[in-house]
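K.L.:
let's see this in three dimensions:
(chains A and B)
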Amino acid sequence: MNASFDVTSFNAGLVLARPEIFLATVACALLMLDLALSQAQRRWMATLSVVALVVTALLEGLVPVSARTVALGGLFELDRMAQLLKIVTLLTVAVVFLYSTDYLERRGILKGEYYVLGLFASLGALVLISAASLITLFLGLELLSLCLYAMVAFDRDSGIAAESAIKYFVLGSMSTGTLLYGMSILYGITGSLELGAIATSVAHGDAHNIGLIFGAAFIIVGVGFKLGAVPFHMWIPDVYEGSPTPVTLFIGTASKLAAFGLIMRLLPEALGALQADWSQMLVVISVLSMALGSVVAIAQSNIKRMLAYSTISQIGYVLLGVLSGTAQGYQAALFYIVTYVIVAGGAFGMVLLLARQGFEADRLIDYKGLNARSPWFAGMMAILMFSLAGVPPFVGFWAKLGVIQAVLGVGYTWLAVIAVLYSVISAYFYLRIVKLMYFDEPTETTAIGGSALMRTVLSANALLALALGVVPQTLLGLCQQAMR
Amino acid sequence: MQGGELLASVIWLPIIGGILVLAIAGRVQAAKWLSLGVALATFALSLPLWFHFKIGTPEMQFTLRHAWIPAIHSDFHIGIDGISMPLILLTTFTTVLVMISSWDNVHKRVGQYFGAFLLLEGLMIGVFAALDAALFYVFWEAMLLPMFIIIGVWGGPRRVYATIKFFLYTFLGSVLLLVALIYLYLKGGSYELDVFQKMPLTLNEQVFIFLAFFAAFAVKVPMWPVHTWLPDAHVEAPTGGSVVLAAIMLKMGGYGFLRFTLPIAPDAARTLDWFIIALSLTAVVYIGFVALVQRDMKKLIAYSSIAHMGFVTLGLFIGYRILAQSGRLAGIEVGLDGGMVQMLSHGLVSGAMFLCVGVLYDRVHSREISSYGGVVNTMPLFAAFMVLFSLANAGLPGTSGFVGEFLVIIASFRANVWFAFLAGTTLVLGAAYTLWLVKRVIFGEVGNAQVAALKDLTHREFLVLGLLAAAVLLVGIWPAPLLDVLRASTQHLAEMLVVSKVMP
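P.N.:
Numbers count the residues shown, from 1 in each chain, chains lettered A, B, ... in the order given. The predicted structure is shown next:
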């Protein structure tokens, strides 16, 4: 670390971190404000949080980023990837809050803590994504994880939520420990906590240093857990199912972006020189994730569990991009995770929209005959499902195309074939939702609820999956720049 | 409007129209009229593609290129030649007929039904017009979605099974095509079809690419033994769905072979031609026998489609045998011409046959052959049409069915007498299963009270079948204009086929 403290460069670094500072301040202020609000005024928390997130995203967008800049004494860095990931994370959390408020209010669990914890979790994600040192990386990760554990349990009268929270917490802590162990090995061998310095040291050291590979393996276990890749996926279905749906939505979207930031910082950036080693490990994890996720999802009758297994298999595809170890592969993986979050956010949003008082809409059969009840939202859900299945002209197709292109580019033809074959298997359970909505008659005829705001945002979300599928250039271009 | 913009509007008009129809789907009458209007307008717009088509050049015409996704070097690049232009016209023509014939026959979610067909039309035209492989693939896959919905929502009792089988079967074939396309892209740096066609490839690469293409196109054709989705899909689909499936969707497999397999992997095609020829002849002979024993009219026509499409693939690949036999180019394009004419003719005839079954089904609600008998006594007009289309299906000279089969058999003769003999069995088998169908359904004593109560064709049905009959006879009696359009393109393709792409 820098021995001398330079005030000017520190101040310049603060400018780069302005969005994080702003978000931290607002989150604390809202925590205080919540005490003063009556239950009738609680919705203000939602509004203010959304505004705060959008403003933070704007601030982030205004930060000029040219190349990778390390600041704040080697603790913080900003590059285009971080900028893009952070903006997407912030906007995702804003949308998550918009989707959640009605649901929470109807169930009488509209509490300020949900928003404050969400804001702190977002802050953790931002810190993690911008980490230039193992210390900040770990700090960000813990802030994010601890907030998520609390969010899972925050409906305190629900037994299943408490059970999920314990499970999540125990397994999460174990994985954090594993990750920390891997990091400590790295530190022990390279003698540095800064990612840049570790990278240099690894690149110039003995490439076959068994200790480094040992450390990398532990890091992959930890990261694999956060991403929910097989065989570290066991928590995903139970936590997705047990959490209140708004929290599932949060875990399924924003936290995936952070986990992607984690893997990109640790593997390509810090251990880029060991790419040949970790990419072999990722091949195994990726194939297992695609296989288990897409096969087991077929057996689910609960849509949250189905989407959980779908996440597992989609993460397998993200890893395809990462393991290829090329700029093109990282771009494809970034594009994949961003579009996945958009689409999965919409899918969980639909679950929230259909839920009513005393009715969760989390069984597959609750989607029967949706086309007869609301052709518009059936159409939106169909777009989201086809996009997850990777059928053009929806955005999921370009995501799959990108990662397959990446693995073909490095000569993994067999892997590309396996990937597309599993995408056919997974198409089955996405199609089943479409089948239920369109081919079956409804078992109930209640009109679709939801505030006008939520309906608009949800429709825009689904249409975005179509628009990005028809004209993917903008986002592809952004991802290309981010990884240049 | 002319040139590429015209072609682009033929693609986009039905898609945008379809979205509008879906938006007003609640108001049934308005949705129906709007759909018919859009379908007619699309057909009218597609006619200049024929009138202004320059005969005698294999160059792409009506081309339009627009930057689309620079990140992966893919353009919105469309254009047509003698191979795709007739198929586009077939698509716009068939869609109009489907709209008219479905007018009163759909009873639930009517607006969505018509909207889905318009979307399907635009996407299918896109498949035929795309000159960029990524664009082609987008249309190729997207086309599955409306068809999936059409079979699943408006189909028969086992529609869910049939439509999921249809989707997954075709999706499985397509994803392998995608892998091959990406491989070619990484090699050539562009998704341009032209680049793919000119790219030198080793024989080994070509064989893998050939097999990947085969997976996609053979399923679509469908070739024996990957045909099993078709009888299910046809039987369960509503009449309009069956018509589009038989008349146009099956042609995409043949089109894929013409546009992708043959020009991109000619050496692999030459090496593996025996494989395709064997499968094609199996389809012609074996599936012909299978058709003979069907009890369900739609199933019978579905199997007859597979046998006829076997003729198409035979015609496309027989050229290599001729080349091996005689060492000369002459005759290769006869097979290609025959395959193309057979595709177009089958589009008209099988569409018409499914419409005929639809006419009966609407009245009696049974597809079983045994539910009928002596229909001619109560529906003489209908019987006349049904007999005409059946004879065309059997390849009677003077109908479109004859031209294609005749050309393919001529080409087979040049290659090998035994191939010609086996292909020729269709003249017996095709006549047997179709005429036996006619005998059992149309002729004889009035079978039962329901048949006795049948009413003959309405004006609407008469119009649809009459238009198709005219087209079938026109192509049968005077195929020259069609062959002229095809000639330059098939000639060009034949030349491409024999030039090895393997780098010395």
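
K.L.:
shouldn't B:Leu64 be within a strand?
P.N.:
Yes. Counting by DSSP: H, G, I helix; E, B strand; the rest coil, B:Leu64 is found in a strand.

K.L.:
any regions of chain B where pLDDT drops low?
P.N.:
Residue ranges of chain B with pLDDT under 70: B:1-2, B:503-504.

K.L.:
tell me which parts of it are close to chain A?
P.N.:
Chain B has residues B:22, B:25, B:68-72, B:109, B:112, B:134, B:137-138, B:141-142, B:144-145, B:148-149, B:152-153, B:159-160, B:163-164, B:167-168, B:171-172, B:175-176, B:178-179, B:182-183, B:185-186 near chain A, with proximity defined as CB under 8 Å from any CB of the partner chain. To be clear about C-beta, it is placed using only N, CA and C from the backbone, and glycine gets the same treatment.

K.L.:
ok, and the closest non-adjacent residue to residue 300?
P.N.:
Went with chain A since none was named. A:Met306 (4.1 Å; CB to CB, 6 or more residues apart in numbering or on different chains).

K.L.:
ah, I was thinking of chain B
P.N.:
Closest residue to B:Leu300 apart from its sequence neighbours, by CB to CB, 6+ apart: B:Gln294 at 3.9 Å.

K.L.:
for that neighbour, give me its contacts.
P.N.:
By CB atoms under 8 Å, 6 or more residues apart in numbering or on different chains, the contact list for B:Gln294 reads B:Leu300, B:Tyr303, B:Ile369, B:Tyr433.

K.L.:
quick check: it vs chain A, distance?
P.N.:
26 Å (CB to the nearest CB, to the nearest Å).

K.L.:
could you confirm that residue falls within a strand?
P.N.:
No. Counting by three-state DSSP, B:Gln294 is not part of a strand but coil.

K.L.:
just the contacts of B:Gln294: which are in strands?
P.N.:
Among these, no member falls in strands (DSSP state E).

K.L.:
wait, the residue nearest to A:Gln300 sits on A:Leu364?
P.N.:
Yes. Using CB atoms under 8 Å as the test, A:Met306 is close enough to A:Leu364 to be in contact (6.9 Å).

K.L.:
anything in contact with each of the two?
P.N.:
Both A:Met306 and A:Leu364 are contacted by A:Gln300, under the criterion CB under 8 Å, 6+ apart.

K.L.:
returning to what we had before: neighbours of the residue nearest to A:Gln300, how many?
P.N.:
25 (other CB atoms under 10 Å in any protein chain shown).

K.L.:
what's the answer for the one 3 residues further on, then?
P.N.:
A:Tyr309 has 26 neighbouring residues, counting by other CB under 10 Å.

K.L.:
which elements pack onto whichever strand or helix holds it?
P.N.:
Element membership for A:Tyr309 (DSSP states H and E) is helix A:303-323. Applying 3 or more CB pairs under 8 Å, 6 or more residues apart in numbering or on different chains; DSSP states H and E, we find helix A:303-323 packed against helix A:210-227, helix A:235-242, helix A:245-252, helix A:254-264, helix A:275-296, helix A:327-354, helix A:395-409, helix A:413-439.

K.L.:
the contacts of B:Gln294: which two are farthest apart?
P.N.:
Longest distance between any two of the contacts of B:Gln294 is 13.2 Å, between B:Tyr303 and B:Ile369; criterion CB to CB.

K.L.:
more neighbours: which of these two?
P.N.:
B:Tyr303 (26 against 19).

K.L.:
now do the contacts for the nearest residue to that one once chain neighbours are set aside.
P.N.:
The spatially closest residue to B:Tyr303, leaving aside those adjacent along the chain, is B:Ala291, at 3.7 Å (CB to CB, 6+ apart). Residues counted as contacts of B:Ala291 (CB under 8 Å, 6+ apart) are B:Leu300, B:Tyr303, B:Ser304, B:Ala307, B:Leu429, B:Tyr433.

K.L.:
which members of those residues define the maximum pairwise distance?
P.N.:
B:Leu300 and B:Leu429 (12.1 Å).

K.L.:
more neighbours: those two, which one.
P.N.:
Using other CB under 10 Å as the criterion, B:Leu300 and B:Leu429 rank with B:Leu300 on top: 25 against 22.

K.L.:
what's near enough to touch that one?
P.N.:
B:Ala291, B:Gln294, B:Ile369, B:Tyr433, B:Leu437.

K.L.:
can I get the residues you listed in CSV with distance to A:Gly390?
P.N.:
As requested, these are arranged in CSV below (distance: CB to CB, whole Å):
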residue, distance to A:Gly390
B:Ala291, 36
B:Gln294, 37
B:Ile369, 42
B:Tyr433, 40
B:Leu437, 42
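
K.L.:
farthest pair in those?
P.N.:
B:Ala291 and B:Ile369 (12.0 Å).

K.L.:
any idea how far the residue nearest to B:Leu300 is from B:Ile306?
P.N.:
12 Å (CB to CB, to the nearest Å).

K.L.:
over to B:Ile276?
P.N.:
15 Å.

K.L.:
A:Ala254 reaches A:Val95, doesn't it?
P.N.:
No. In this structure, A:Ala254 is not within contact of A:Val95 by CB under 8 Å, at 9.5 Å.

K.L.:
A strand includes B:Ala67, no?
P.N.:
Yes. The assignment for B:Ala67 by three-state DSSP puts it in a strand.

K.L.:
contacts only, for it.
P.N.:
The contact partners of B:Ala67, taken as CB under 8 Å, 6+ apart, are B:Asp75, B:Phe76.

K.L.:
that one pairs with what?
P.N.:
Beta-bridge partners for B:Ala67, by DSSP bridges, are B:Asp75.

K.L.:
can you map out the strands along the stretch 251-400 of chain B?
P.N.:
Taking DSSP state E, counting those that start in this stretch, the stretch 251-400 of chain B contains no strands at all.

K.L.:
now do the helices in it.
P.N.:
Counting by DSSP state H, counting those that start in this stretch, the stretch 251-400 of chain B has helices at residues B:262-264, B:266-271, B:273-282, B:288-292, B:297-326, B:332-364, B:375-378, B:380-393, B:400-415.

K.L.:
neighbours of the residue in the stretch 51-200 of chain A that chain B sits nearest to, just the number please.
P.N.:
Closest residue of the stretch 51-200 of chain A to chain B, CB to the nearest CB: A:Leu84 (14.5 Å). For A:Leu84, the neighbour count with other CB under 10 Å is 23.

K.L.:
confirm that it sits in a helix.
P.N.:
Yes. Under three-state DSSP, A:Leu84 sits within a helix.

K.L.:
where's the closest residue to it other than its chain neighbours relative to chain B, distance?
P.N.:
Take A:Leu84 and drop its neighbours on the chain: the residue closest to it by CB to CB, 6+ apart is A:Ala482, 4.7 Å away. For A:Ala482, the distance to chain B equals 12 Å [CB to the nearest CB].

K.L.:
please name the residues that touch A:Ala482.
P.N.:
So A:Ala482 contacts A:Asp79, A:Arg80, A:Met81, A:Gln83, A:Leu84, A:Gln331, A:Leu334 (CB under 8 Å, 6+ apart).

K.L.:
neighbour-wise, which of those leads?
P.N.:
Highest neighbour count within the contacts of A:Ala482: A:Leu334, with 29 neighbours (other CB under 10 Å).

K.L.:
surely that one is in contact with A:Met81?
P.N.:
Yes. If you go by CB under 8 Å, A:Leu334 and A:Met81 touch, sitting 6.6 Å apart.

K.L.:
which residues are common contacts for these two?
P.N.:
A:Met264, A:Ala482, A:Met483.

K.L.:
sorry, back to before: please save the CA atoms from the helix holding A:Tyr309 in CSV.
P.N.:
The C-alpha trace of helix A:303-323 is given here as CSV (Å, rounded to 0.1, in the frame of the first residue of the first chain):
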residue,chain,number,x,y,z
ILE,A,303,-42.3,-21.2,-9.7
LYS,A,304,-39.9,-19.7,-7.2
ARG,A,305,-38.1,-23.1,-7.0
MET,A,306,-38.2,-23.4,-10.8
LEU,A,307,-36.7,-20.0,-11.2
ALA,A,308,-34.1,-21.0,-8.6
TYR,A,309,-32.9,-23.9,-10.7
SER,A,310,-33.2,-21.8,-13.8
THR,A,311,-30.8,-19.4,-12.2
ILE,A,312,-28.4,-22.2,-11.5
SER,A,313,-28.4,-23.2,-15.1
GLN,A,314,-28.1,-19.7,-16.3
ILE,A,315,-25.1,-19.1,-14.1
GLY,A,316,-23.5,-22.1,-15.9
TYR,A,317,-23.8,-20.1,-19.1
VAL,A,318,-22.3,-17.0,-17.5
LEU,A,319,-19.3,-19.1,-16.4
LEU,A,320,-18.8,-20.2,-20.1
GLY,A,321,-18.0,-16.6,-20.9
VAL,A,322,-15.7,-16.2,-17.9
LEU,A,323,-13.8,-19.4,-18.4
